[in-house]
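Asks: coordinates for the following, if possible.
(one chain, ligands or ions: 1)
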Amino acid sequence: MMKTKTKICGITEIGDALTAANAGADAIGLVFFDPSPRAVDVARAREIAAAVPAFVTLVGLFVNPDADYVRNILDQVPLDLLQFHGDESPEFCNQFGRRWIKAVRVATTDDVEDAFERYSLGSGLLLDAYDPTLYGGTGKSFDWTLIPQQRPLPLILAGGLNSDNVARAITAVKPWAVDVSGGVEIRKGVKDAARIKEFLNEVHRVDKTD
Ligand SMILES: O=C(O)c1ccccc1N[C@@H]1O[C@H](COP(=O)(O)O)[C@@H](O)[C@H]1O
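Replies: Reported below is the predicted structural model:
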């Protein structure tokens, strides 16, 4: 039995971080991208980080940040992993002495194959829905048949996942991990404890049957 790793992203409240961790989430994401309704400031990020138990990975999400901005956050918040969700180059992602994953918005299979090659130094490749204007967190899913079977890096599936479709997604794609934000919210930027638990329970259920 393969255990699918889980990340609950866009956490803004300590209570939601604890709900996710206690329900078995492997990672919690903090958004450091100001236009996002899920953005956190340093003070809030530090409070959440202090509450997250050992062995739950704390991920910082950035979109086309200045390097100094990332360094400033890293000086103040104990992030375990960086998630770059914009047009960052591999050289940019690799300069912080911290493990990182790159997000790619998928329109074609070539997008994924090219990204596997280009970001080969990363610790994983996150696939999200393509949107011409938004970098992510759209709540939209994409055509999973575009995902190649050859995966040189751990594949993290994101984009419009929720408790209704995550079992199907895991069965179809067999990703290393799944990542959700909007699918566990009652409205944009506001997480819902029941939806977080339902999502994680569904992943754990399908893992046992697959
Ligand atoms: O959450 C955001 O606001 C966000 C903003 C900019 C880039 C990425 C963002 N979120 C990430 O997008 C994917 C998919 O999210 P969803 O489940 O479809 O809502 C996920 O990795 C989020 O963390």
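Asks: what parts of this structure come near the ligand?
Replies: Contact residues (C-beta under 6 Å from any ligand atom) of the chain with the ligand: 9-10, 29, 31, 33, 36, 38, 61, 63, 85, 126, 128, 135-139, 158-161, 179-183. The C-beta positions use only the backbone N, C-alpha and C, and glycine is treated the same way.
Asks: do that again at 5 Å, thanks
Replies: 9-10, 36, 38, 85, 128, 135-137, 139, 158-160, 179-182 (C-beta under 5 Å from any ligand atom).
Asks: from the residues you listed, which land in helices?
Replies: Among these, no residue falls in helices (DSSP state H).
Asks: buried residues in stretch 72-86?
Replies: 73, 77, 79, 81-86 (16 or more other C-beta atoms under 10 Å).
Asks: endpoints of that stretch, how far apart?
Replies: The first and final residues of stretch 72-86 sit 19 Å from each other (C-alpha to C-alpha, to the nearest Å).
Asks: what's near enough to touch the residue nearest the centre of the chain?
Replies: Nearest to the geometric centre of the chain sits Asp179, at 4.5 Å (C-alpha atoms, centre = their mean). When contacts are counted by C-beta atoms under 8 Å, 6 or more residues apart in numbering, Asp179 touches 6-7, 9, 29, 126, 156-158, 161.
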